[in-house]
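Undergrad: with the input below, show me the fold.
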Amino acid sequence: MVHELLDYAIDYGRNLKSDLTEVRYEDMVMHTLTLENGSFRDAVLTRQRGVAITAYTGSSAGFSYTSLLTKQDIKSACRRAWRMSVMSRSTGGHNGRIRSMRPIVAKGVRPPVKEHPKSRTIDEKKDILMEVYRAAREEGERISSLVVRYAEVYGTKTVVNSEGTDVTWEPLVVDLQCTVVSKGMGGDLVDGSDGAGGTFGFERFRKDEYSPETIGKNSASWAKEKLRSRPAPAGEFRCVCEHLLSGVLAHESFGHLTEGDFILSNSSPLTGRLGEHLGSEHATIIDEGCMDPKRYNVYWMPFDDQGVRCGKTTLLENGVLKGYLHTRVTSSLLAVMPTGNARSISFYFPVIPRMTNTYFKPGDMGDDEIIRELKTGIYAIRTQGGQVNTDGTFMFKAARGYWVEKGEIKYPLRDVILMGDILTLLKRIEGATKKVQMESGYFGGCGKVNQSPLPVGDGGPEVLISGVRFGGEVR
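TA: The predicted model follows:
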């Protein structure tokens, strides 16, 4: 029944003389649970189902959607999208035509998981949250607040177009997070958090490093550790950015600057700079949609939301700018191939260039070796948010940090704030570890043009950088 409606939309688009018609169907389930201080506060289950239609006149796009799955509503959405594309073209939209592509046909592509969350009862999911809670309670000290959150998003996406593309796949993301807040003797509050998120089944929670017990203990122990931490110093120091923090730097400070719409609008400092040396020989940044979810906690994407197969795009290679991230429109306007980065958070929104899983390429150093090589400086771990600007400047607060002297971790730090600009930082990268860790999930995600939260994956190796600027107490 649904596919008949999608075919009807394609046929109607042809009748309207649309140069290209794309139709995207989504049927997604979202389930979240929150356990706060031992009591379940929220249990939300929602389902979103609808059709998004994009019509192209030349390379000018018009977009519409409907959650009503009838031929009349599909017809109305097609006509709205087509009219918008014609109006966009006539009022100064993009010249030229969208480049044609060989159609892709793939049906029923499923994530490689053993124990899909939809096969588990709500009581089983609550038990996992309680395991996290009990482990954190046992490990913690002076706990003021303890929140455990769980989310799962899964369903079906289908993309068809008038060129003959017809792909269907089943997105999945699972996320389990714990945050512990402890109160110091002077009344100051500190926190610790841990979790696991990505495209995986419940079998992942039986691995020691991702077990509910480990997540709870880590969250509480890191909060407890901060009770005896020292303020981070201010100034410029050598730094090791841990796996997930290096991924955030790659994503937020650099990856967004490579997105095709920013390149076309000349609002990125990377516009027109392909082939330039922007970083050291140790700086390679990659965006990859279809990483192996059995090895990494990533968001698995076999196709983007235009039905383009997701691949591996090298953005920066040994310091040289190699590529940008594209939809079919931005790639056509720049006369390159699309990269599989057309994404939207739901059928309510048009596609725009977005990242998938973004990471620094690993190096050849061991985890212990990189700390020894740091000698004296700061070991910064994860992030608790921050601010980035379109010129590449940034400010991030690390979730945890440690002062290192003579290659040994000496004591924990609090309020570790990194700042600077990414193009300077890339030139100062001295090396990276062999080991790669990735993280994805539902909570947080990526935001752009009011489309948030979009599941993405960040991570990579630990990265050694000279001369990182930190805010904090002046020594």
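
Undergrad: tell me the SS of Arg149?
TA: strand (DSSP: H, G, I helix; E, B strand; the rest coil).

Undergrad: right, and it touches Arg41 too?
TA: No: applying CB atoms under 8 Å as the test, Arg149 and Arg41 come out as separate, 9.9 Å apart. For every residue, glycine as well, the C-beta is placed using N, CA and C.

Undergrad: looking at those two, which is more packed in?
TA: Arg149 (22 against 11; other CB atoms under 10 Å).

Undergrad: wait, what's in contact with the more buried one?
TA: Residues near Arg149 by CB atoms under 8 Å, 6 or more residues apart in numbering: Thr32, Leu33, Thr34, Leu35, Asp175, Leu176, Gln177, Cys178, Phe443.

Undergrad: which residues touch the second one?
TA: Right, the one you point to is Leu33. Per CB under 8 Å, 6+ apart, neighbours of Leu33: Phe40, Asp42, Ala43, Ile122, Lys125, Lys126, Leu129, Arg149, Tyr150, Ala151.

Undergrad: the fourth one against Phe40, yeah?
TA: It refers to Ile122. No: using CB under 8 Å as the test, Ile122 is too far from Phe40 to be in contact (10.1 Å).

Undergrad: and the nearest residue to Thr376 once chain neighbours are set aside, how close does it get to Arg228?
TA: In space, and not counting its chain neighbours, Thr376 is closest to Glu405: 5.2 Å by CB to CB, 6 or more residues apart in numbering. Using CB to CB, to the nearest Å, Glu405 is found at 17 Å from Arg228.

Undergrad: now do Cys78
TA: In terms of CB to CB, Cys78 sits 63 Å off from Arg228.

Undergrad: looking at those two, which is more packed in?
TA: Cys78 (27 against 12).

Undergrad: how many neighbours does Gly385 have?
TA: 10.

Undergrad: tell me who's in contact with it.
TA: Taking CB under 8 Å, 6+ apart as the test, what Gly385 contacts is Phe396, Lys397.

Undergrad: give me the phi and psi for it.
TA: For Gly385, the backbone dihedrals (degrees, to the nearest 10) come out as phi 100, psi 180.

Undergrad: confidence score at it?
TA: Listed pLDDT for Gly385 reads 83.

Undergrad: over to Gly93?
TA: 63.

Undergrad: ok, Gly96 next?
TA: 75.

Undergrad: using the three-state scheme, assign it.
TA: Under three-state DSSP, Gly96 comes out as coil.

Undergrad: I'd say it and Ser59 touch.
TA: Yes: using CB under 8 Å, Gly96 is in contact with Ser59, at 5.2 Å.

Undergrad: shared neighbours, the two?
TA: Ser332, Leu333.

Undergrad: more crowded one of the two?
TA: Neighbours of Gly96 and Ser59, each counted by other CB under 10 Å, are more numerous for Ser59; the result is 22 against 12.

Undergrad: what's the top helix by length along the chain packed up against?
TA: Longest helix in the chain, counting residues (DSSP state H): helix 71-90. Helix 71-90 sits against helix 2-15, strand 39-57, strand 60-66, with contacts defined as 3 or more CB pairs under 8 Å, 6 or more residues apart in numbering; DSSP states H and E.
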